[in-house]
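[1] need a 3D model of the following:
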Amino acid sequence: MAQQVHDLTPDDVSKGMAEGRYLLVDVREPNEVAVEAYPGAVVVPLSSFDPKAIPDPAGKMVVFACRSGKRSVTASLAAQAAGLPYDKHLAGGMLGWKAAGLPTKTGG
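    Presented below is the predicted three-dimensional model:
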């Protein structure tokens, strides 16, 4: 089966998180997250990415996020290669999130 990654807009992801439908997995590095983070996201850095390190989404859909949308695609493909059904990412990453006027937090 061909792997593919579905783009979600920042507004889709924000709304889905607020409704408890999405678990946002930030694959940026700890130093990036320390500067600016997605509220409510879990951090699983791509540099040491292990799909098994993703917390149990407990019925939520996993959505990957990074700075611009490139690493999140890589993480989604890696998770799919490991047999996980995680085929969604935040298109545009943190750049798109901020451009959409959505909140961030500092200090990881």
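[2] skip the chain neighbours and tell me the closest residue to Pro39.
    Leaving aside its sequence neighbours, Pro39 sits nearest to Lys105 (CB to CB, 6 or more residues apart in numbering; 5.1 Å). Placement of C-beta: from N, CA and C, glycine included.
[3] and the one you found, how close does it get to Pro45?
    18 Å (CB to CB, to the nearest Å).
[4] so which of these two has more stuff around it?
    A side-by-side neighbour count of Lys105 and Pro45, using other CB atoms under 10 Å, places Pro45 first with 19 against 12.
[5] phi, psi of His89?
    Backbone torsions of His89, given as degrees, to the nearest 10, read phi -140, psi 160.
[6] what about it, neighbour count?
    Residues near His89, counting by other CB under 10 Å, number 29.
[7] partner residues bridging it?
    Counting by DSSP bridges, His89 is bridged to Asp7, Phe64.
[8] distance of it from Val62?
    Per CB to CB, His89 is found 10 Å from Val62.
[9] surely Thr74 touches Pro51?
    No: if you go by CB atoms under 8 Å, Thr74 and Pro51 don't touch, sitting 11.8 Å apart.
[10] low-confidence bits of the protein, can you list those?
    1-2, 107-108 (pLDDT under 70).
[11] would you map the strands across it?
    6-8, 22-26, 42-43, 61-65, 88-90 (DSSP state E).
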